[in-house]
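Engineer: quick check, what structure comes out for this input:
(chains A, B, C and D)
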Protein chains: 4
Amino acid sequence: MEASYNRIAGQSLHRLAGLSDGLFAVAMTLLVLDLRVPALASVHGERDLWQALVALAPRLVMYLMSFATLGIFWAGQQTQLNHLARGDRDLAWIHLGFLFVVSLMPFSTMLIAEFLAYRTALLLYWGNILLLGAILYAGWKHAVRAGLVKPDAPADLACAVERRILVAQGLYAMGAALCVFDTRLSIGMIILVQANYVLAPRILRLDRL
Amino acid sequence: MEASYNRIAGQSLHRLAGLSDGLFAVAMTLLVLDLRVPALASVHGERDLWQALVALAPRLVMYLMSFATLGIFWAGQQTQLNHLARGDRDLAWIHLGFLFVVSLMPFSTMLIAEFLAYRTALLLYWGNILLLGAILYAGWKHAVRAGLVKPDAPADLACAVERRILVAQGLYAMGAALCVFDTRLSIGMIILVQANYVLAPRILRLDRL
Amino acid sequence: MEASYNRIAGQSLHRLAGLSDGLFAVAMTLLVLDLRVPALASVHGERDLWQALVALAPRLVMYLMSFATLGIFWAGQQTQLNHLARGDRDLAWIHLGFLFVVSLMPFSTMLIAEFLAYRTALLLYWGNILLLGAILYAGWKHAVRAGLVKPDAPADLACAVERRILVAQGLYAMGAALCVFDTRLSIGMIILVQANYVLAPRILRLDRL
Amino acid sequence: MEASYNRIAGQSLHRLAGLSDGLFAVAMTLLVLDLRVPALASVHGERDLWQALVALAPRLVMYLMSFATLGIFWAGQQTQLNHLARGDRDLAWIHLGFLFVVSLMPFSTMLIAEFLAYRTALLLYWGNILLLGAILYAGWKHAVRAGLVKPDAPADLACAVERRILVAQGLYAMGAALCVFDTRLSIGMIILVQANYVLAPRILRLDRL
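Structural biologist: Numbers count the residues shown, from 1 in each chain, chains lettered A, B, ... in the order given. Model prediction:
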């Protein structure tokens, strides 16, 4: 009986969770490096400092938006992994791909914060979100197919997870499409979608669709 | 029976702890990037180097103060999470909000280190501390209301946690108010409050109030 | 009976895994800092931005390649550690050496991304990969010799692990050797080797050799 | 019965280990940011690149030395924590102080790498190592006094841990003292001490003293 290396490799869900938590933590804090303290020489009074800080506000909003995005996908990945009984090497690599796209988020965010009115920047940002959703979807499909899901998971779990990703991505895509009119409309819509998933208001409950 | 996505999402306290440890670790070390090594060209002898390092001292004090703040809130969050039996998605999002504010701490610190005499910088720094306390308070209130606390927790735990946050925030607010006279008075007071919580001297025991 | 310090030191596989996950997470995200957002002043329209982003593509490919390399070695280290029953101080230090070489990867990557056509840069990059493999090999040899492997590990596990490292390093060395002709040939070959280990296609299964 | 906040705060050794692993991981990788890739414009051939890389060698040695120092103290802290049955808030704060000093290590390292011949830089670097040892010693003393050590720990464990720290710090102090003659002598001695603790050769076994 041969121990194929691939059968024994990368099975630890614990290590995958550890790497993910570390990478999300770094990606979430790297974003703040983009908030630069105003130069001392350019500030001559409280009012100057206040204005310099107000000028940082759009950047802070973009940072908050990306932190929320990363939070949403961190929670989404966690929900999947929590329901798995074990991992395999393919799952590990799907999630490494997911983490690669997570690590690009600070770049996409800095890009859109700098080029707020450019469709190229917006579509790249949206592409980043789309990829996150697509890989998470693929990871879940693989887990179901490979029998990695815990046997005691709720019967309709698989559907709930898939529906959640598809509905969310549909809403993000609609937001991105609004850039035909104005990129700021797109950003507004994306922020609304995120607020819905973060706050999960009792009225809308889009996650139940 | 439908598996509402929100009921199954973000329940892992372990992952929340992992993300928090990672994010605190990065935030705590990012601060040190602000301590810049003196330029080789500007140093012509031991005395020059010594003076250049002495000039860094105020920055080091601010860094130590912020490290202490982060340590206090890391310990505070940990104390809460240790007493929870389980999490839910709302708790996860409250703590993600908490971590977002944690990630802003390096920025607030660099700002106040650069603009020591500016009330705007001081009030923003205090606002950062206030938000940390407020979110931690909200997180605890939610945990109690949602029945997430371990059944074997001490009877007066809830009061002890809330009192602790309120007394600490009262002291920080008093410190911030001192900026009416001088921002350095505020910083001195905040450092004293932190020293009290870090050292917990047997005489003062403000945490018992 | 004396408690030799070395007998009690560094035995926690859990802490070693925690440090490794953290360090890999940072190394994997540091790479993205090298992707710089184009300067606002140099961009006068969507086309400019698009061209500036296309110019970043080679850098993104190098980043993806290094992320894959780090992923491969993260999975490799994990597979080893998962099969150990306990650690000892020598194992801890072998893996600290491994992590040191991991932490050099962002530097090697930035070097080769900047000096794509230079053999010096390519050989250094390859040297980095070679060292990672060599230390992982040494770590495994030590674990087997010191009896750290779990008693219920598959009989041919030791061979599978060693063969895997040797075959992979052989292929990387062949890739590096191609730089006699052109460094781009080397990079292409290294990317193919990595794609093989990441995707593990059913046709090639080099890991079974 | 009152639940004094300090009695319930910061007791999780698991969270302390998580924060420590994260912070060590960041500190260990921040150091590499100081290795800057040579500027493309200043390199006109393989020989130029090679010379630029050779010029980085002293910096790489300092980096390796600091990585080793951090590794030694990571292993030292781990050895202590592994033998504790539980934590308390004072232990948490002693270790937070330890982590603060760890976070200063990248600064001390960059300083000494830039000012190799300056006693001020060397004494600061040594002061950093001294503080690490002193806090670890204090942490151990506190753990013994507060009864946090596991009841099944070897009888002479306490002595072994203390002796280890004192002997190591004695050797580091001797190294630092050599700067009366030449700072490079000091660095050489410190490297030898570290090599001894990392490699633990069977001949010297200073850790058994």
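
Engineer: where does chain A have low pLDDT?
Structural biologist: A:1-11, A:201-209 (pLDDT under 70).

Engineer: up against chain D, what does it have?
Structural biologist: A:22, A:25 (CB under 8 Å from any CB of the partner chain). Every residue, glycine included, has its C-beta placed from N, CA and C.

Engineer: where does chain A get nearest to chain C, residue-wise?
Structural biologist: Nearest residue of chain A to chain C (CB to the nearest CB) works out as residue A:22 at 2.9 Å.

Engineer: which stretch of helix or strand covers that residue?
Structural biologist: helix A:13-30 (DSSP states H and E).

Engineer: packing partners for that helix?
Structural biologist: helix A:57-82, helix A:89-114, helix B:13-30, helix B:89-114, helix C:13-30, helix C:57-82, helix D:13-30 (3 or more CB pairs under 8 Å, 6 or more residues apart in numbering or on different chains; DSSP states H and E).

Engineer: kindly reformat those as TSV containing distance to residue C:177 and mean neighbour count.
Structural biologist: Listed next are the helices and strands packed on helix A:13-30 as TSV, based on distance: least, CB to CB, whole Å; neighbours: other CB atoms under 10 Å in any protein chain shown:
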stretch	distance to residue C:177	mean neighbour count
helix A:57-82	40	21
helix A:89-114	27	23
helix B:13-30	40	25
helix B:89-114	46	23
helix C:13-30	27	26
helix C:57-82	18	21
helix D:13-30	31	26
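
Engineer: mind putting those helices in a markdown table, distance to residue C:131 included?
Structural biologist: Rendered in a markdown table, the data for these read as follows (distance: least, CB to CB, whole Å):
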| stretch | distance to residue C:131 |
| --- | --- |
| helix A:57-82 | 32 |
| helix A:89-114 | 21 |
| helix B:13-30 | 26 |
| helix B:89-114 | 33 |
| helix C:13-30 | 14 |
| helix C:57-82 | 10 |
| helix D:13-30 | 16 |
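
Engineer: what's the closest of these to residue A:122?
Structural biologist: helix A:89-114 (6.2 Å; CB to CB).

Engineer: near chain B, anything from the closest one?
Structural biologist: No - residues of helix A:89-114 are not located near chain B by CB under 8 Å from any CB, the shortest gap being 11.9 Å.

Engineer: and the angle from that helix to helix C:57-82?
Structural biologist: For helix A:89-114 against helix C:57-82, the angle by axes from the mean of the first three to the mean of the last three CA atoms, to 10 degrees is 140 degrees.

Engineer: quick one: distance of helix A:89-114 to the chain centre.
Structural biologist: The gap between where helix A:89-114 is centred and where its chain is centred comes out at 8 Å by CA atoms, centre = their mean, to the nearest Å.

Engineer: repeat that for stretch A:58-65.
Structural biologist: That offset, for stretch A:58-65, works out to 15 Å (CA atoms, centre = their mean).

Engineer: so it, near chain B or not?
Structural biologist: Yes - judged by CB under 8 Å from any CB, stretch A:58-65 comes into contact with chain B at residue A:64.

Engineer: near chain C, anything from that stretch?
Structural biologist: No - under the criterion of CB under 8 Å from any CB, chain C is not reached by stretch A:58-65; the shortest gap measures 12.1 Å.

Engineer: can you check stretch A:179-190 too?
Structural biologist: No - shown here: stretch A:179-190 not in contact with chain C (CB under 8 Å from any CB), separated by at least 10.7 Å.

Engineer: picking up where we left off before, nearest to residue C:175, of the helices and strands packed on helix A:13-30?
Structural biologist: Residue C:175 lies closest to helix C:57-82 among the helices and strands packed on helix A:13-30, at 11.3 Å (CB to CB).

Engineer: now do the closest one: which elements does it pack against?
Structural biologist: helix A:5-8, helix A:13-30, helix A:89-114, helix C:13-30, helix C:89-114, helix C:119-145, helix C:157-177, helix C:183-199.

Engineer: skipping adjacent residues, who's closest to residue A:71 in space?
Structural biologist: Using CB to CB, 6 or more residues apart in numbering or on different chains and skipping the chain neighbours, the partner closest in space to residue A:71 is residue B:96 (4.3 Å).

Engineer: tell me the angle the helix holding residue A:22 makes with helix B:13-30.
Structural biologist: Using the same axes, to 10 degrees: helix A:13-30 against helix B:13-30 is 40 degrees.

Engineer: taking chain A, what residue is nearest to chain B?
Structural biologist: residue A:25 (2.9 Å).

Engineer: give me the distance between that residue and residue C:80.
Structural biologist: 25 Å (CB to CB, to the nearest Å).

Engineer: for residue A:152, what are phi and psi?
Structural biologist: Note on residue A:152: backbone dihedrals following degrees, to the nearest 10 are phi -90, psi 20.

Engineer: can you pull the contacts of the closest residue to residue A:117 other than its chain neighbours?
Structural biologist: Distances taken as CB to CB, 6+ apart put residue A:183 closest to residue A:117, at 5.6 Å, once the chain neighbours are dropped. The contact partners of residue A:183, taken as CB atoms under 8 Å, 6 or more residues apart in numbering or on different chains, are A:116-119, A:121-122.

Engineer: could you do residue A:25 as well?
Structural biologist: With CB under 8 Å, 6+ apart, residue A:25 has these contacts: B:19, B:21-23, B:25-26, C:25, D:22.

Engineer: ok, now with 7 Å
Structural biologist: B:19, B:22-23, B:26 (CB atoms under 7 Å, 6 or more residues apart in numbering or on different chains).

Engineer: in contact with the closest residue to it other than its chain neighbours, which residues?
Structural biologist: Nearest non-adjacent residue to residue A:25, counting by CB to CB, 6+ apart: residue B:22, 2.9 Å away. Taking CB under 7 Å, 6+ apart, we find residue B:22 in contact with A:21-22, A:25, C:22, D:22.

Engineer: any chance you could list what contacts stretch A:36-48?
Structural biologist: Stretch A:36-48 has contacts (CB under 7 Å, 6+ apart) with A:49, A:52, B:110-111, B:114-115, B:118-120.

Engineer: if you set the cut-off to 10 Å instead, what comes out?
Structural biologist: The contact list for stretch A:36-48, computed with CB atoms under 10 Å, 6 or more residues apart in numbering or on different chains, reads A:49-53, A:55-56, A:59, B:34, B:106-115, B:117-121.

Engineer: what are the buried residues along that stretch?
Structural biologist: Under the neighbour-count criterion of 16 or more other CB atoms under 10 Å in any protein chain shown, stretch A:36-48 has A:37-38, A:43 buried.

Engineer: and those residues, which of them are in strands?
Structural biologist: Using DSSP state E, no member of the buried residues of stretch A:36-48 sits in strands.

Engineer: which of those sits closest to chain D?
Structural biologist: Once CB to the nearest CB is applied, the member of these that ends up nearest chain D is residue A:37, at 18.5 Å.

Engineer: now the closest one: phi and psi?
Structural biologist: phi -60, psi 130.

Engineer: and of the contacts of residue A:25, the nearest to chain A?
Structural biologist: The closest of those, once distances to chain A are taken by CB to the nearest CB, is residue B:22, at 2.9 Å.

Engineer: ok, the closest one to residue C:91 distance?
Structural biologist: Counting by CB to CB, the separation of residue B:22 from residue C:91 is 24 Å.

Engineer: also residue A:29?
Structural biologist: With CB to CB as the criterion, residue A:29 and residue C:91 are 31 Å apart.

Engineer: one step back: list buried residues within the contacts of residue A:183.
Structural biologist: A:118-119, A:121-122.

Engineer: many thanks, I have nothing further to ask.
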